[in-house]
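Student: Predicted model follows, preceded by the sequence.
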Amino acid sequence: MDENRLKAFEDMLAAILRQCDDTTEKMAELKAEGKEKTVTYRQLLASKLQLQAMLSYYRAYGLVEEEKRTEELQKV
């Protein structure tokens, strides 16, 4: 049971990190096009903030590896 939970957590963490990366990239594209005032950009911003909040909980409890922490902090 514990191995399944650990695998599920690691899969979830990887998905959150991937989604955060994708969101950041989409936001950068919209910003380059001067579309920071669009609804899409604002929705992506809200999503990014939510993902970062989740990751901050993981960091607070030491659940994110140092390499992943560094990558995430560089994107903020």
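Tutor: Here it is on my side, so go on. Note that the coordinates shown come from a computational prediction; the quantities given were computed from them, not determined experimentally.
Student: Sort out which residues of the helix ranked longest in the chain are buried, please.
Tutor: When the chain is parsed with DSSP state H, its longest helix is helix 2-32. For helix 2-32, burial by neighbour count (16 or more other Cβ atoms under 10 Å) applies to 13, 16, 17, 20, 23, 24, 27, 30. To be clear about C-beta, it is placed using only N, CA and C from the backbone, and glycine gets the same treatment.
Student: quick one: pLDDT of the nearest residue to the fifth one once chain neighbours are set aside?
Tutor: Nearest residue to residue 23 in three dimensions, chain neighbours excluded: residue 48, at 4.8 Å (Cβ to Cβ, 6 or more residues apart in numbering). Note for residue 48: predicted pLDDT of 97.
Student: Help me confirm that residue 31 comes into contact with residue 44.
Tutor: No - with contact defined as Cβ atoms under 8 Å, residue 31 does not reach residue 44; the gap is 10.1 Å.
Student: circling back: save the buried residues of helix 2-32 as CSV, and put in pLDDT and distance to residue 37 too.
Tutor: Formatted as CSV, the buried residues of helix 2-32 follow (pLDDT from 0 to 100; distance: Cβ to Cβ, whole Å):
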residue, pLDDT, distance to residue 37
13, 92, 33
16, 95, 27
17, 93, 28
20, 95, 22
23, 98, 18
24, 97, 18
27, 98, 13
30, 98, 10
